[in-house]
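Novice: Would you be able to build a 3D model of this:
(2 chains)
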Protein chains: 2
Amino acid sequence: MRPAFLRTAVVIGCGVSGTSIALALTGAGVEVTLADQDPRAAAEAHRLGAGEVWTPTRAPADIVVVATPPSAVVDVLHTAQARGLGNVYTDVAGTKDIVAAEAELRGCDLKGYVPGHPLPARGVTGRSASRFVGRPWILCPYETTPRWALATVAELVTLCGAVRRDMTPHAHDRAMAAVGHLPYVVAAVLAGGLLDLDPELLPLAGEELAAAVRTVGAGPLVGGDLLAHNAGPVADQLDKAAAALAAVARTLHRGEDTVPVELGLLLELGERGRAALRAADEYRTAEDARPGDRM
Amino acid sequence: MRPAFLRTAVVIGCGVSGTSIALALTGAGVEVTLADQDPRAAAEAHRLGAGEVWTPTRAPADIVVVATPPSAVVDVLHTAQARGLGNVYTDVAGTKDIVAAEAELRGCDLKGYVPGHPLPARGVTGRSASRFVGRPWILCPYETTPRWALATVAELVTLCGAVRRDMTPHAHDRAMAAVGHLPYVVAAVLAGGLLDLDPELLPLAGEELAAAVRTVGAGPLVGGDLLAHNAGPVADQLDKAAAALAAVARTLHRGEDTVPVELGLLLELGERGRAALRAADEYRTAEDARPGDRM
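Specialist: Okay, the predicted model is just below:
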């Protein structure tokens, strides 16, 4: 039986991620207080049962979760640490390299801060205690992060039903560019391209187009703020995708006898890639089905 | 009350499209016979209630539907016309420019042949009498197509519950490249690109990637044969998409202060494009809900 580090928590930022974490923690018996620059957001999270609204008289919490957009994380973290809101801090921003580096530059207390990024479960679109259940929750500890701080954040991950995974901020950002930001930007570009078409042609679209643009504008999954924070890795992925599309175009323009064979290979590789993604999902689902290791 | 031109039909090619059309026609009281180079396919369609298996002793049918892959259409059409299987002929291939031109070059009887392309309903993945209900069915008549031939094919469209739409083969192919073939190739390229990634990163993927690759390998929607037949228009669309992705990459690489604004505009245009597609769907659904014009 592991020791419980986490009895009290402050969640700053009552959007989808923050409220979902607060709901999970409250459900696990943690005493949660809620803060947001918009008092209505904190009050709404309170109404949903996510915890009490934060008041300045509180004692420092075991953990403070900064659940703001990426560009606000370091400011909020710095202020929260200066005011002594908690003993350990983490955030949930979808990019980590700039956030981790800025926290260092800004002079945040790195001993008490572990950058993090919980990945939402598929099909859970809104605020929910189960938003992160069974999903990877990436932690990017500094080399100097003490064990006690990491253990507290690890318990947060466990209490939310997620699976801890440690990565460097750089590796995290490159990975998210490949599996998250690239497909999102491609979807936006394809969807935006539809505005150039005769609207009379749109009813001819089928499953391919509907699926391709389905996540565009679908809530706060990926936004301009996040993409701007991960500009380099996203740009590299876009260059690679653009080159791959242009290569297919060249094959088609040449119009040689090998075109059907080359197209067949392209579609075959696509099917293999999709099968690999599906296998990763099945592996994850099998892992989820195991009894939890928390007692 | 319109005259009924269509009492008997032969469907050649008992794949998903052919069997679905045969099921719809049989359901509408048309006497359907089924042919396939693989006798098991015709027997299977017969078992599903799509009609009787074709035998050489039959009288010419009112209509012959050639439901083979695009590259086989003209051969099959020419043979069927030479054997006098029917009075009017159509096909269902997803590209029309090459098929229509080859039929002319090959010396097919153009008076009795109307190139066609029925678009499947979303969410209807297999053989079903309702596969084409409420969806556009594109006809590409020649300038010389007589009214009686067009009227027969139009009745086929109506009996399958679809909505006739006339286009030139060229306009059809360019439209399908934009709304169907482009997103399909992009999905295959994105999915194939996953094979270059560390497989340990695949579980980090979320909705964006799952949606982006969802139609890859999803049955016979789009295949290499079809793409090769529409090489020019598909290549043009791929060039345009590659240029658009490369432009976003350049913006991100430059890393100027305007990046968040430019990304915001990109995402905004994407949302507008998706909204336009959704509006086209809603329009279609509203049209579908009207009482049919067939008595």
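Novice: SS state for the closest residue to chain B within the stretch 51-200 of chain A?
Specialist: Ranked by C-beta to the nearest C-beta, the top residue of the stretch 51-200 of chain A for proximity to chain B is A:A188, at 3.2 Å. The C-beta positions use only the backbone N, C-alpha and C, and glycine is treated the same way. Secondary structure state of A:A188, per DSSP: H, G, I helix; E, B strand; the rest coil, is helix.
Novice: can you pull out the helices in chain A?
Specialist: Assigned by DSSP state H, chain A shows helices spanning A:16-27, A:39-47, A:73-82, A:97-105, A:147-159, A:169-176, A:182-193, A:207-212, A:224-229, A:231-254, A:259-289.
Novice: from those helices, which stretch is densest packed?
Specialist: helix A:182-193 (a mean of 26; mean count of other C-beta atoms under 10 Å in any protein chain shown).
Novice: Helix B:259-289 and that one, what's the angle between them?
Specialist: 60 degrees (axes from the mean of the first three to the mean of the last three C-alpha atoms, to 10 degrees).
Novice: helices or strands next to helix A:182-193 in the packing?
Specialist: For helix A:182-193, the packing partners by 3 or more C-beta pairs under 8 Å, 6 or more residues apart in numbering or on different chains; DSSP states H and E come out as helix A:207-212, helix A:231-254, helix B:182-193, helix B:207-212, helix B:231-254, helix B:259-289.
Novice: Go again with 7 Å.
Specialist: helix A:231-254, helix B:182-193, helix B:207-212, helix B:231-254, helix B:259-289 (3 or more C-beta pairs under 7 Å, 6 or more residues apart in numbering or on different chains; DSSP states H and E).
Novice: so what's the residue lying closest to A:A205 once chain neighbours are set aside up against?
Specialist: Excluding the flanking residues, the one nearest A:A205 by C-beta to C-beta, 6 or more residues apart in numbering or on different chains is B:V179, at 4.1 Å. Neighbour list for B:V179: A:201-202, A:204-205, A:209 [criterion: C-beta atoms under 7 Å, 6 or more residues apart in numbering or on different chains].
Novice: So what angle separates the directions of the helix or strand of chain A with the lowest mean pLDDT and helix A:231-254?
Specialist: Lowest mean confidence among the helices and strands of chain A (mean pLDDT, DSSP states H and E): helix A:259-289, at a mean of 82. Relative orientation of helix A:259-289 versus helix A:231-254 (the same axes, to 10 degrees): 150 degrees.
Novice: Give me the distance between helix A:259-289 and the centre of its chain.
Specialist: Distance, stretch centre to chain centre, for helix A:259-289: 23 Å (C-alpha atoms, centre = their mean, to the nearest Å).
Novice: other SSEs contacting that helix?
Specialist: Using 3+ C-beta pairs under 7 Å, 6+ apart: helix A:259-289 touches helix A:231-254, helix B:182-193, helix B:224-229.
Novice: where along the stretch 1-150 of chain A do the strands fall?
Specialist: With strands called from DSSP state E, counting those that start in this stretch, the stretch 1-150 of chain A shows them at A:8-12, A:31-35, A:52-53, A:61-66, A:86-91, A:113-114, A:116-118, A:136-139.
Novice: got a markdown table for those strands, with mean pLDDT and distance to chain B too?
Specialist: Output for the strands of the stretch 1-150 of chain A, formatted as a markdown table (pLDDT from 0 to 100; distance: least, C-beta to the nearest C-beta, whole Å):
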| stretch | mean pLDDT | distance to chain B |
| --- | --- | --- |
| strand A:8-12 | 98 | 22 |
| strand A:31-35 | 97 | 25 |
| strand A:52-53 | 96 | 31 |
| strand A:61-66 | 98 | 20 |
| strand A:86-91 | 97 | 17 |
| strand A:113-114 | 98 | 18 |
| strand A:116-118 | 98 | 9 |
| strand A:136-139 | 98 | 6 |
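Novice: can I see the domain layout of chain A?
Specialist: What automatic domain parsing lists as the domains of chain A is A:8-167, A:169-233.
Novice: least reliable of those going by mean pLDDT?
Specialist: Sorting these by mean pLDDT places domain A:169-233 lowest, at a mean of 91.
Novice: Between its first and last residues, how far does it reach?
Specialist: By C-alpha to C-alpha, to the nearest Å, the extent of domain A:169-233 from end to end equals 12 Å.
Novice: mind listing what A:G264 touches?
Specialist: Counting by C-beta under 7 Å, 6+ apart, A:G264 has contacts B:G224.
Novice: if we go to 10 Å?
Specialist: Counting by C-beta atoms under 10 Å, 6 or more residues apart in numbering or on different chains, A:G264 makes contact with A:258, B:223-225, B:227-228.
Novice: and what of A:D239?
Specialist: B:245-246, B:248-250, B:252-253.
Novice: give me that answer again for 7 Å
Specialist: A:D239 neighbours (C-beta under 7 Å, 6+ apart): B:246, B:249.
Novice: Over to A:R127?
Specialist: Per C-beta under 7 Å, 6+ apart, neighbours of A:R127: A:16, A:19-20, A:23, A:48.
Novice: Same check on A:I98?
Specialist: Contacts of A:I98 by C-beta under 7 Å, 6+ apart are A:H229.
Novice: swap in the one 3 residues further on?
Specialist: The neighbours of A:A101, taking C-beta under 7 Å, 6+ apart as the test, come to nothing; the list is empty.
Novice: and it, how far is that from A:Q81?
Specialist: The gap separating A:A101 from A:Q81 is 17 Å, by C-beta to C-beta, to the nearest Å.
Novice: Check A:D281 too.
Specialist: 38 Å.
Novice: Can you check the pLDDT for the residue lying closest to A:H253 once chain neighbours are set aside?
Specialist: Setting aside the residues directly before and after it, A:H253 is nearest to B:A235 in space (C-beta to C-beta, 6+ apart), at 4.7 Å. The model reports B:A235 with a pLDDT of 97.
Novice: my guess is B:A235 meets A:L252, correct?
Specialist: Yes - B:A235 is within contact range of A:L252, at 3.7 Å (criterion: C-beta atoms under 7 Å).
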